[in-house]
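In: here is a sequence together with a model predicted from it:
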Amino acid sequence: MLTGRYPQSNGLIGLTHSPWDWSFNENERHLSHIMRDAGYHTALFGLQHEASNTDDLGFEAIHGQRDENGRRATALVVANSLADFLKSDAASKSPFYAQVGFFETHRPHDFGDVEPDDSKGIHVPPYLVDDEKSRRELALQQGAVRRVNDAVQIITDALKKSGLEDDTILVFTVDHGIEFPRAKWFCYDAGIGVALLVRWPNGGIQGGKDCDHLLSNVDFLPTLMDLIGKPIPENVEGISFATIFKDENAEPTRDAAFTVFQGKDNRSIRTNHYKLIRNFQAARRLEVPVDMTNNPKPRTKLPVVQLFDLEKDPNEFNDVAEDPSYKEIRDELSEKLWQWMEDVNDPSLEGPLPSPYYFEAIEEYINRTT
């Protein structure tokens, strides 16, 4: 999302914090670098998940990462730090890029003393057993969602009071699906479907319109460059979808979205109608609905290829990869996914991917024996 390039290309294919220690490739440019070079003041508020050392990201200012007691800041603390910034000269004297990160709604969902919230009811997704534990966890997560909602309200109120509301492109999005079994950590829709809301009154982006287009987080950066009238870096792999803000009848910018989850070495291609997943690592199938109370160990082998007809089976429960009537679809999507993996030089095409930890272990051994 913040390089406009796929993880296989930018190098950050796994978690950046210890003990995994993945990092961007040398000379990779984060959005903060690009915006700073375009004349914007760049500032980070709260959490970032792109580098183990925040200084490597090139922000000119960093705010609101800790509360007054030195603990990780809650969304409310982060939002108020941005509100303070919007009152400052730095916000009014030059255009700014503010990246705002909240820890909520990660587990534990009660971070920052969040309370459960069932004020709008509890919806248990069909891939989870509808029982007391699921409802309790979902209520707690909904409390975290409400906390984020309150934080965003602080930010929107501050933009309005500062007089910057109409000129500011406000984007709300996330990097993966909810942190529940068969959602985050998987290439099913519950894991790859994310929120995306954009508002820019002076740019004509307002009014609560829904845009039914297939997009990818990798498309965010080129879209932003188009909206602010700045050149898109040549190595960007995403596709700008800026046209959909100007024309409700604009043609779709892509016919397929690709996803990667390196933790399980999964890759997928999703169209409006189908989803094909390739699994490159041994694993067992997670039976649905998942019982979060007993958490029984799955016993059947996860197939190397899964195919789902999303129009007939939106929950992705019925794998049709071996159904002869879907052979042409399977072959077509498999070829497109493989071509994408080649285009981004996906390391899984060469074999199992060693982690930075592996290379650290080898280096330590060599140093001790030479």
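Out: Alright, I've got the coordinates. Predicted model, so just to flag it, every value in this text is computed and none were measured.
In: from now on I want contacts and neighbour counts done on CA atoms only, so please keep to that.
Out: Fine.
In: mind listing what's buried along the biggest helix by length in the chain?
Out: Longest helix in the chain, counting residues (DSSP state H): helix 132-162. Neighbour counts using 16 or more other Cα atoms under 10 Å place 134-135, 137-148, 151-152, 154-156, 158-159, 162 of helix 132-162 among the buried residues.
In: what residue spans form the domains of this structure?
Out: Per the record's domain assignment (automatic domain parsing), the chain is made up of the domains 7-246, 257-359.
In: report the mean confidence score over the shortest one.
Out: When pLDDT is averaged along domain 257-359, the result is 92.
In: going forward can the numbers begin at 55, since that is how I track them
Out: Taking 55 as the first residue, the last one we looked at is domain 311-413.
In: distance between the ends of it?
Out: In domain 311-413, first residue to last residue: 32 Å (Cα to Cα, to the nearest Å).
In: regarding the residue lying closest to His84 once chain neighbours are set aside, what is its secondary structure?
Out: Leaving out its chain neighbours, the residue that sits closest to His84 by Cα to Cα, 6 or more residues apart in numbering is Thr57, at 5.1 Å. Following DSSP: H, G, I helix; E, B strand; the rest coil, the label given to Thr57 is coil.
In: same check on Glu417?
Out: Quick answer, by three-state DSSP: Glu417 is helix.
In: check the one 4 residues further on too.
Out: Local secondary structure at Asn421 is given as helix here, using three-state DSSP.
In: okay, now it: neighbour count?
Out: Neighbours of Asn421 under the rule other Cα atoms under 10 Å: 8.
In: just Arg353 next, same as before
Out: 11.
In: doesn't it belong to a helix?
Out: No. Looking at Arg353 with three-state DSSP, it is coil, so not inside a helix.
In: state the distance from the nearest residue to it once chain neighbours are set aside to Asp243.
Out: Nearest residue to Arg353 in three dimensions, chain neighbours excluded: Arg338, at 6.1 Å (Cα to Cα, 6+ apart). Going from Arg338 to Asp243 by Cα to Cα gives 19 Å.
In: how about Leu136?
Out: Distance from Leu136 to Asp243, by Cα to Cα: 32 Å.
In: all strands for the stretch 55-204 of the chain, in order.
Out: For the stretch 55-204 of the chain, the strands defined by DSSP state E, counting those that start in this stretch cover 95-100, 115-117, 150-155.
In: what's the answer for the stretch 255-404 of the chain, then?
Out: Taking DSSP E, counting those that start in this stretch to define them, one finds strands in the stretch 255-404 of the chain at 311-315, 320-324, 328-333, 359-363.
In: now those in TSV, please, with extra columns for distance to Asn369 and mean neighbour count.
Out: Formatted as TSV, the strands of the stretch 255-404 of the chain follow (distance: least, Cα to Cα, whole Å; neighbours: other Cα atoms under 10 Å):
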stretch	distance to Asn369	mean neighbour count
strand 311-315	17	21
strand 320-324	14	23
strand 328-333	11	23
strand 359-363	9	22
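In: quick one: residues contacting Ile298.
Out: Residues in contact with Ile298, defined by Cα atoms under 8 Å, 6 or more residues apart in numbering, are Cys265, Ala304, Glu305.
In: and the first one, what's its pLDDT?
Out: Here, the pLDDT recorded for Cys265 equals 88.
In: and it, how far from Met279?
Out: Separation of Cys265 from Met279 (Cα to Cα) stands at 20 Å.
In: more crowded one of the two?
Out: Neighbour totals were compared for Cys265 and Met279, and Met279 leads with 18 against 10 (other Cα under 10 Å).
In: count of neighbours near the closest residue to the more buried one other than its chain neighbours?
Out: The shortest distance from Met279 to any residue other than its chain neighbours is 5.8 Å, reached at Ile286 (Cα to Cα, 6+ apart). For Ile286, the neighbour count with other Cα under 10 Å is 17.
In: hang on, the earlier thing: between Leu136 and Asp243, which is the more surrounded one?
Out: Here Leu136 and Asp243 are compared on neighbour count by other Cα under 10 Å; more neighbours surround Leu136, at 26 against 19.
In: what sits against that one?
Out: By Cα under 8 Å, 6+ apart, the contact set of Leu136 is Phe99, His117, Gly118, Ile209.
In: which one of these sits closest to Leu85?
Out: Distance to Leu85, by Cα to Cα, is smallest for Phe99 among the contacts of Leu136, at 14.5 Å.
In: ok, now which ones touch the closest one?
Out: By Cα under 8 Å, 6+ apart, Phe99 lies in contact with Ile116, His117, Gly118, Gln119, Val132, Ala133, Ser135, Leu136, Ala152, Gln153, Val154, Gly155.
In: tell me the pLDDT at it?
Out: We have a pLDDT of 97 for Phe99.
In: give me the beta-bridge partners of it?
Out: Phe99 has these beta-bridge partners by DSSP bridges: His117, Val154.
In: which residues touch stretch 403-423?
Out: If you take Cα under 8 Å, 6+ apart as the criterion, stretch 403-423 is touched by Pro73, Trp74, Asp75, Trp76, Phe334, Met395, Glu396, Pro401.
In: can you give me the distance of the residue nearest to Arg353 to Leu356?
Out: For Arg338, the distance to Leu356 equals 5 Å [Cα to Cα].
In: can you pull out the helices in the stretch 55-204 of the chain?
Out: For the stretch 55-204 of the chain, the helices defined by DSSP state H, counting those that start in this stretch cover 61-64, 85-91, 129-140, 143-147, 186-216.
In: got TSV for the ones you listed, with mean pLDDT and distance to Tyr412 too?
Out: Converted to TSV, the helices of the stretch 55-204 of the chain look like this (pLDDT from 0 to 100; distance: least, Cα to Cα, whole Å):
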stretch	mean pLDDT	distance to Tyr412
helix 61-64	95	18
helix 85-91	96	29
helix 129-140	96	35
helix 143-147	82	44
helix 186-216	96	35
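In: can you convert the ones you listed into TSV and add a column each for distance to Trp254?
Out: Output for the helices of the stretch 55-204 of the chain, formatted as TSV (distance: least, Cα to Cα, whole Å):
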stretch	distance to Trp254
helix 61-64	29
helix 85-91	18
helix 129-140	17
helix 143-147	17
helix 186-216	12
